[in-house]
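Q: coordinates only, sequence not included:
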């Protein structure tokens, strides 16, 4: 594994959209969270994140290693759903097993209703915001077309951990959802609230959405596709694993000329209900749990926010003797999910050290745990996709190996390789094992050189 050069703007771990929502509701609350540093570096609006993700979707990382086995760089179900079915088919990027999982969800449209700004309880305050931001007051005639939008669920993909769905907003004014330099209105749509109801249960349960929006590349003359992700392994959420589930989503339509950060400028809301089969996300084989004991020593780059007033980055040589990783392998229709947590650590290890050991590394672009894999003894080492959960103290990677691939992969063997990246230079200056950096609020100049330290090589077990 070679040294990598890193620019922090490109490599901070994915910030959960639930965090964005919290910041939008209360800026003061964000100062209590570790993710605050992401905002100091400049927040990307969700509108901008969607096409960035879509640009990575299903890049072919190698040739077919056997009939039916294709390797796709940065694959994840979320990225897969970030491209419309028509685009996937046109580009020849469909994965039969994933398409089968999508088909198994069998989504069905339900009722919907549309409420416009004058009907909101805070309509006056919203309109005042428009004027303060230099925009004309809300004019019903300008937005009459919104009342004619017809939502229609197109695809649902559930893997038991994440739920992704695409809703087509059918309208003759779809071009209004494109970029601001395109002639016409620039409108954005985001799912603000979601609740679900089990089949046969009259009770409705709220759930926090994990991000999404309108991808301009998925806008046609007759409609715009709203892509949304929901993280299912949330506290106090017991999402069904069988039977049909009814989802009710509240879609906020924003005049992005007023505010492209999507906090104000709302002109209407769509309340839409649809159902799908939750069993589509169940395991295809029993979960494999293994303890992985580490040994030796490494230089650990620690990202320490235990004191929110004095966050810091530092290097420290640590012994790995006594460190045990818990490895969970989940075999799903949508890929193989490998999750690592620290099961045991020496008494002198802090939570910051444990979290930093498992910090989600992206192809050597940030300190922390990195995993790649190869098929066969001479195969190319390939990166893996990551879940977009942002859970500290846990890392989940997704191998693009599907049930129809198992036999071919068994014949060749699949090796996973774990390494820990440490910082060896900061802003062009070499740093040693005793390096310490106090992170100032709003810091933007943080460039690092990283070096990989091998940890383990593991043969991937298959059902």
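A: Cool, got the structure. Computed from a predicted structure; not experimentally measured. Numbers count the residues shown, from 1 in each chain.
Q: CA only for contacts and neighbour counts going forward, please
A: Noted.
Q: residue ranges of the strands in the stretch 201-350 of the chain, please?
A: In the stretch 201-350 of the chain, the strands defined using DSSP state E, counting those that start in this stretch lie at 205-207, 209-219, 223-231, 244-255, 266-277, 288-293, 297-304, 312-319, 324-332, 335-344.
Q: and those strands: which comes nearest residue 138?
A: For these, proximity to residue 138 was assessed by CA to CA; strand 266-277 is nearest, at 7.6 Å.
Q: how far is the closest one from where the chain is centred?
A: Remark: strand 266-277 is offset 21 Å from the chain centroid, using CA atoms, centre = their mean, to the nearest Å.
Q: the chain should start at 10 in everything you say after this.
A: Let's use 10 as the start, then, which means that last one is strand 275-286.
Q: could you check the angle strand 253-264 makes with that strand?
A: 160 degrees (axes from the mean of the first three to the mean of the last three CA atoms, to 10 degrees).
Q: same for strand 275-286, what does it pack against?
A: For strand 275-286, the packing partners by 3 or more CA pairs under 8 Å, 6 or more residues apart in numbering; DSSP states H and E come out as helix 105-114, strand 117-125, strand 159-167, strand 253-264.
Q: what angle do strand 275-286 and the first one make with each other?
A: What it means is helix 105-114. For helix 105-114 against strand 275-286, the angle by the same axes, to 10 degrees is 100 degrees.
Q: can you check the last one too?
A: Taking the same axes, to 10 degrees, one finds that strand 253-264 is oriented at 160 degrees with respect to strand 275-286.
Q: and the angle for strand 253-264 with strand 232-240?
A: On the basis of the same axes, to 10 degrees, strand 253-264 is oriented at 120 degrees to strand 232-240.
Q: need the contact partners of strand 253-264.
A: In this structure, residues lying in contact with strand 253-264 by CA atoms under 8 Å, 6 or more residues apart in numbering are 194-208, 271, 273-287.
Q: which of these are buried?
A: With neighbours counted by 16 or more other CA atoms under 10 Å, the contacts of strand 253-264 contain buried members at 194-200, 203-207, 271, 273-287.
Q: ok, back up a step: with respect to residue 232, which of the helices and strands packed on strand 275-286 lies nearest?
A: Ranking those by their distance to residue 232 (criterion: CA to CA) puts strand 159-167 first, at 9.2 Å.
Q: what is the closest one packed up against?
A: Counting contacts by 3+ CA pairs under 8 Å, 6+ apart, strand 159-167 packs against helix 105-114, strand 117-125, strand 171-179, strand 275-286.
Q: show the backbone phi and psi for residue 331.
A: Taking degrees, to the nearest 10, you get phi 100, psi -10 for the backbone angles of residue 331.
Q: so residue 213 touches residue 205, yeah?
A: Yes. Proximity of residue 213 to residue 205 meets the contact threshold set by CA atoms under 8 Å, at 5.6 Å.
Q: what ranges in the stretch 210-359 of the chain fall below the confidence cut-off?
A: Low-confidence segments of the stretch 210-359 of the chain, defined by pLDDT under 70: 219, 267-273.
Q: run the last query once more with 90
A: Using pLDDT under 90 as the threshold, the predicted model of the stretch 210-359 of the chain has low-confidence ranges 210-211, 216-230, 238-250, 263-276, 288-291, 317-318.
Q: please enumerate the helices of the stretch 360-472 of the chain.
A: Secondary structure of the stretch 360-472 of the chain (DSSP state H, counting those that start in this stretch): helices located at 360-366, 415-421.
Q: reformat those as CSV; add mean pLDDT, distance to residue 461 and mean neighbour count.
A: Formatted as CSV, the helices of the stretch 360-472 of the chain follow (pLDDT from 0 to 100; distance: least, CA to CA, whole Å; neighbours: other CA atoms under 10 Å):
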stretch, mean pLDDT, distance to residue 461, mean neighbour count
helix 360-366, 95, 12, 21
helix 415-421, 95, 26, 15
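Q: next one, pLDDT for residue 24 please.
A: Looking at residue 24, its pLDDT is 37.
Q: let me fix that: residue 19
A: 36.
Q: which of the helices of the stretch 360-472 of the chain sits closest to residue 161?
A: Counting by CA to CA, residue 161 lies closest to helix 415-421 out of the helices of the stretch 360-472 of the chain; the figure is 35.3 Å.
Q: how many neighbours does the closest residue to residue 329 other than its chain neighbours have?
A: Excluding its sequence neighbours, the residue lying closest to residue 329 (CA to CA, 6 or more residues apart in numbering) is residue 304, at 4.7 Å. Applying other CA atoms under 10 Å, we find 14 other residues in the vicinity of residue 304.
Q: now residue 304: how far from residue 334?
A: From residue 304 over to residue 334 the distance is 11 Å, taken as CA to CA, to the nearest Å.
Q: next: residue 435.
A: When residue 435 is compared with residue 334 (using CA to CA), they lie 29 Å apart.
Q: and residue 214, what are its bridge partners?
A: Residue 214 has the following beta-bridge partners by DSSP bridges: residue 205.
Q: check contacts around it.
A: Listed by CA under 8 Å, 6+ apart, the contact set of residue 214 reads 204, 205, 206.
Q: mind putting those residues in a markdown table, pLDDT and distance to residue 176 included?
A: Below are the contacts of residue 214 laid out as a markdown table (pLDDT from 0 to 100; distance: CA to CA, whole Å):
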| residue | pLDDT | distance to residue 176 |
| --- | --- | --- |
| 204 | 93 | 16 |
| 205 | 94 | 16 |
| 206 | 93 | 19 |
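Q: so which of those residues would you say is closest to residue 340?
A: So of these, ranked by how close each gets to residue 340 (CA to CA), first place is residue 205, at 25.6 Å.
Q: wait, that closest one touches residue 211, no?
A: No. Under the criterion of CA under 8 Å, residue 205 makes no contact with residue 211, lying 10.2 Å away.
Q: so residue 84 touches residue 407, yeah?
A: Yes. Taking CA under 8 Å as the contact criterion, residue 84 and residue 407 are neighbours in contact, 7.3 Å apart.
Q: between these two, which has more neighbouring residues?
A: Neighbours were counted for residue 84 and for residue 407 using other CA under 10 Å; residue 84 has more, 26 against 22.
Q: got a list of what the closest residue to the more buried one other than its chain neighbours touches?
A: Counting by CA to CA, 6+ apart, residue 84 lies nearest to residue 394, which is 5.1 Å off, once chain neighbours are set aside. Residue 394 makes contact with 82, 83, 84, 85, 406, 407, 408, according to CA under 8 Å, 6+ apart.
Q: go with 6 Å
A: 83, 84, 85, 406, 407 (CA atoms under 6 Å, 6 or more residues apart in numbering).
Q: repeat that for residue 170.
A: 241, 242.
Q: looking at the protein, which residue ends up farthest from its center?
A: Taking CA atoms, centre = their mean, the residue of the chain most remote from its mean C-alpha position is residue 150, at 37.5 Å.
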